[in-house]
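> How does the following fold in three dimensions:
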Amino acid sequence: VAEDNRVNQLLTLKILERRGHRVVVVNDGKAALRALQKDTFDLVLMDVQLPEMGGLAATAAIREQEQSTGRHLPIVAMTAHALQGDRERCLDGGMDAYLPRPIDAEGLIQKIEALAAPSVDGDASRRDDDASHTPAAGALRETKPHAPDNVGMDPRDIFDPAPILASVEGDEEMLRQVVELFSEDAQAALSQIRDAIERQDPERLTVAALSLQGAVTNFGAQRVVDAARKMESLGRHEDLDGARDGLGWLEDEVNRLRHALSEFVTPSDSFVPTDQESVFRKRTMTLGDQESSRILIVDDDQETCRLMRHELERDGYLVEEAVDGGSAIDVYQRTSPDIVLMDAHMPDMDGFTACSEIRKQPGGPTMPILIMMSLDDGGSIADAFRAGATDCLSKPLHWAVLRHRLRRVIEASRAQKRIDHLAHH
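Have a look, this model is predicted:
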């Protein structure tokens, strides 16, 4: 998954892992190429708008490399920038399929299963999707409309809960994480837009507006999408005066959405969820579950350990630390953790060897071990799984992705322990 937006990363990861797929997430086109050089993948989900190297440029580089290998790797374009001609541009650029956001979970899975099937030829699998195309923005300038505040407004008047509820599939904690990430990223995007206007930088303005669109489309908030698209259009046409005039409108719409999402995930007494929404409001892990989980962090980077300890303890986990593979085995034997987070490359004994050694310890064969690695280091994902890793995490770590992986692995481990207990009693 090549995607730079954290909300989209988390949602895509959730959808794919629920279906049993192994997922590697990278932030830009160059990182995608590095990942493909290290390991073999069955399919790439490629955002079109990426930093460093865009999705189309990365696809062109992949197709050029394939000329010498004879292999065809399916590449699916994903974008919130669903304008007329985008699909054709993606297919002409070497991509096999096109999915506009917000992503439909079942549609995404069906597309993956069709394209990644060994018997399907990449070029032959291309077909017209019934994707709706949004026409380009009209007039470049628009008088800022009166922006009423949220007092007395139902959050559903500001955004459509259906797409995001379908994506998280009833996981309330995931919903909270997505809303938290969106709130942070939206504020960052607004700050970048304001800075671009002040610096008279239309290219940066366009990129920031596109980034905001990428997160907003998951919430069915058409007013914010329209305002962000107008800002993007102003950037493309280098109309910085128009962008300055329209900034207040965009800020009002984003802040209104942030407030509505906050009200939705933490409703006040005046908010009454529908029957369907009530069904979705079921947490998959209680705070007590987290508090009873002990995590062993193995990393020779003290700053990484400090930051991870801070975040994990804030979530209620108990944390143990080791600085290399040899000490990790000692700490493992002494503390009996519920899960191990292991850096791949450390002095004395690396993470791959330590993982193999832990598997030989009492309880080791079933211990969840997540190996953390940078795509620039010498190891590969295949090496991690050969060493016995349960899963892999790409560095730099994204906290929301790590939090989701931890919950998923711990839940699966506990479920297996309950099954084993019942089988022996």
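> which element follows the helix or strand where Leu175 lies toward the C-terminus?
Element membership of Leu175, judged by DSSP states H and E, is helix 172-198. On the C-terminal side of helix 172-198, the closest following helix or strand by DSSP H and E is helix 202-216.
> Please identify the buried residues of that following helix?
By 16 or more other CB atoms under 10 Å, the buried positions in helix 202-216 come out as 202, 204-216. All C-beta atoms are positioned from the backbone trio N, CA, C, and that covers glycine.
> out of those, who's nearest Asp241?
Distance to Asp241 across the buried residues of helix 202-216 (CB to CB) is lowest for Pro202, with 11.2 Å.
> roughly how far apart are the closest one and Asp92?
27 Å (CB to CB, to the nearest Å).
> Equivalent analysis for Leu50, please.
Distance, Leu50 to Asp92, by CB to CB: 18 Å.
> More neighbours: those two, which one.
Between Leu50 and Asp92, counting by other CB atoms under 10 Å, Leu50 is the more crowded of the two (23 against 10).
> which neighbours does the helix or strand in which Leu341 is found have in its sheet, and in what orientation?
Using DSSP H and E, Leu341 maps to strand 339-343. Within its sheet, strand 339-343 is paired with strand 294-298 (parallel), strand 369-374 (parallel), according to DSSP bridges.
> Show me how far the next helix or strand after that strand is from its chain's centre.
Scanning forward in sequence from strand 339-343 by DSSP H and E, the next helix or strand is helix 351-358. Put simply, helix 351-358 sits 28 Å off its chain's centre (CA atoms, centre = their mean, to the nearest Å).
> Show me what helix 351-358 is packed against.
Helix 351-358 makes packing contacts with helix 325-335, strand 339-343, strand 369-374, helix 381-386 when contacts are defined by 3 or more CB pairs under 8 Å, 6 or more residues apart in numbering; DSSP states H and E.
> Could you pull out the buried residues of the third one?
Of the residues in strand 369-374, Ile369, Leu370, Ile371, Met372, Met373 count as buried by neighbour count, 16+ other CB under 10 Å.
> angle of that strand against helix 325-335?
If you take axes from the mean of the first three to the mean of the last three CA atoms, to 10 degrees, strand 369-374 sits at 150 degrees to helix 325-335.
> what residues does strand 369-374 touch?
299, 339-345, 351-352, 355, 358-359, 379, 381, 384, 387-397, 405-406, 409 (CB atoms under 8 Å, 6 or more residues apart in numbering).
> Quick check, Arg359 in contact with Gly388.
Yes: contact criterion CB atoms under 8 Å: Arg359 and Gly388 qualify, at 4.6 Å.
> Not counting its neighbours along the chain, what's nearest Ile410?
Leaving aside its sequence neighbours, Ile410 sits nearest to Ser293 (CB to CB, 6 or more residues apart in numbering; 5.6 Å).
> Can you list the low-confidence ranges for the chain?
Along the chain, segments meeting pLDDT under 70 span 80-84, 117-156, 169-170, 267-292, 375-379, 417-425.
> roughly how far out does the helix or strand harbouring Val254 sit from the chain middle?
Per DSSP H and E: Val254 is located in helix 240-265. Using CA atoms, centre = their mean, the mean C-alpha position of helix 240-265 is found 23 Å from that of the whole chain.
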